[in-house]
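for reference, the sequence and a predicted model appear below.
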Amino acid sequence: MASACGYERLLEGPATAFRPLRGWTFVRKHSREGEGLLSVHPSVQHQLRGWFDAVVALGLRVKDREAHAHNLRVARLCVHIGRQLSMSRHELRVLARAGLMHDIGKLGIPDTVLGKHSALDDAEWNLMRTHPELGLTLLDRTGQSSREVLAVLYHHERLDGSGYPYGLSGEAIPIEARIVAVADTYDALTS
C-alpha cells in the first residue's frame with residue numbers, strides 16, 4: 001500500500017501527485033478512527049499506515065501548496081542524503097516519511113501565523129515553536145515508526161543544543177532528525 005502513497009516513488013524518482021481533501025479536520029477525525037483500528041486489528045497496521053500517510057500528504061497539500069512542495073523536496077533530499085550514507089531501503093522509507101511529515105504539526109498552527117509576511121512577534125514565535133510537539137501528538141498513535149515520529153519531534157534540535165523543543169544536543173538527536181534538519185534548512189535556503 002505504501003507505493004500508492006508515493007513513498008516508493010520517493011525512493012525511485014518523483015513522488016505521485018495527490019488530490020486535495022479537507023485538511024486538518026479530516027486528518028484529525030480519521031487518524032482518531034485509525035487509532036482504534038490499530039489497537040484492535042494489528043494485522044491491518046501496515047495498510048492503515050499507508051492510508052494514514054496518504055491522508056497526511058493530502059492534508060498538508062490542502063493547507064498550503066508551497067508547504068506541500070517543500071515537504072516533498074525535503075523528503076527527496078532526505079532520501080538522497082540517506083543513500084549517500086548507504087542506509088538500507090527500510091531506513092530510506094523512514095527518511096522519506098519523516099521528510100514528508102516533518103511539519104505535520106503546522107496543521108495545528110493558525111493560518112494567520114503561518115502566512116504572516118512580517119516578523120513573528122514573541123507570542124507567534126512561541127506558538128510556531130510548538131509545531132514539532134503538535135506533530136508528535138498527531139502521529140504518536142497512528143502506526144508510524146518511532147524513528148519517524150522522533151524525526152518529526154526533533155527536526156528543530158541543533159547539535160550545539162540551541163534548538164527546540166527540548167534543547168537536545170549531539171548524539172542525543174536521532175540521525176533521522178539530523179538528516180531532516182539538514183534537508184529542511186537546505187530547502188529553505190535554496191527555494
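Yes, it's here. Residues are numbered from 1 along each chain as shown.

the nearest residue to Pro110 once chain neighbours are set aside: how many residues sit nearby?
Excluding the flanking residues, the one nearest Pro110 by C-beta to C-beta, 6 or more residues apart in numbering is Leu127, at 7.7 Å. (Each C-beta comes from the backbone N, C-alpha and C, glycine too.) By other C-beta atoms under 10 Å, 17 other residues sit near Leu127.

any stretches of this structure with poor pLDDT?
Applying pLDDT under 70 to the chain flags residues 1-64, 141-143.

could you redo the last one with a cut-off of 50?
Where the chain drops to pLDDT under 50, the residues are 1-9, 13-44, 47-48.

returning to that earlier point: surely the residue nearest to Pro110 touches Val113?
Yes. Contact status for Leu127 versus Val113: in contact at 5.8 Å, counting by C-beta atoms under 8 Å.

hmm, back to that, so which bits of the one helix or strand the residue nearest to Pro110 maps to are buried?
In this assignment (DSSP states H and E), Leu127 forms part of helix 122-128. Residues of helix 122-128 classed as buried: Glu124, Leu127, Met128 (neighbour count, 16 or more other C-beta atoms under 10 Å).

make a markdown table out of these and add distance to Leu95.
A markdown table is the format used below for these (distance: C-beta to C-beta, whole Å):
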| residue | distance to Leu95 |
| --- | --- |
| Glu124 | 30 |
| Leu127 | 28 |
| Met128 | 24 |
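
helices of this structure, start to end?
Along the chain, counting by DSSP state H, helices occupy 2-5, 7-12, 24-40, 45-63, 65-84, 89-101, 111-114, 122-128, 131-139, 146-154, 175-190.

so the fifth one versus helix 146-154, what angle?
Orientation check (axes from the mean of the first three to the mean of the last three C-alpha atoms, to 10 degrees): helix 65-84 against helix 146-154 gives 130 degrees.

helices and strands around helix 65-84, which ones?
helix 7-12, helix 45-63, helix 89-101, helix 175-190 (3 or more C-beta pairs under 8 Å, 6 or more residues apart in numbering; DSSP states H and E).

got the CA coordinates for it in PDB?
Only the C-alpha atoms of helix 65-84 are listed here, as PDB (Å, rounded to 0.1, in the frame of the first residue of the first chain):
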ATOM      1  CA  ARG A  65       0.600  24.200  -1.600                       C
ATOM      2  CA  GLU A  66       4.100  25.700  -1.200                       C
ATOM      3  CA  ALA A  67       4.500  23.800   2.200                       C
ATOM      4  CA  HIS A  68       3.400  20.600   0.400                       C
ATOM      5  CA  ALA A  69       6.100  21.200  -2.300                       C
ATOM      6  CA  HIS A  70       8.600  22.000   0.400                       C
ATOM      7  CA  ASN A  71       7.800  18.700   2.200                       C
ATOM      8  CA  LEU A  72       8.200  16.700  -1.000                       C
ATOM      9  CA  ARG A  73      11.600  18.300  -1.600                       C
ATOM     10  CA  VAL A  74      12.700  17.700   2.000                       C
ATOM     11  CA  ALA A  75      11.600  14.000   1.600                       C
ATOM     12  CA  ARG A  76      13.600  13.700  -1.600                       C
ATOM     13  CA  LEU A  77      16.700  15.400   0.000                       C
ATOM     14  CA  CYS A  78      16.400  13.100   3.000                       C
ATOM     15  CA  VAL A  79      16.400  10.000   0.700                       C
ATOM     16  CA  HIS A  80      19.400  11.400  -1.200                       C
ATOM     17  CA  ILE A  81      21.400  12.000   2.000                       C
ATOM     18  CA  GLY A  82      20.400   8.600   3.200                       C
ATOM     19  CA  ARG A  83      21.700   7.000   0.000                       C
ATOM     20  CA  GLN A  84      25.000   8.900   0.400                       C
END
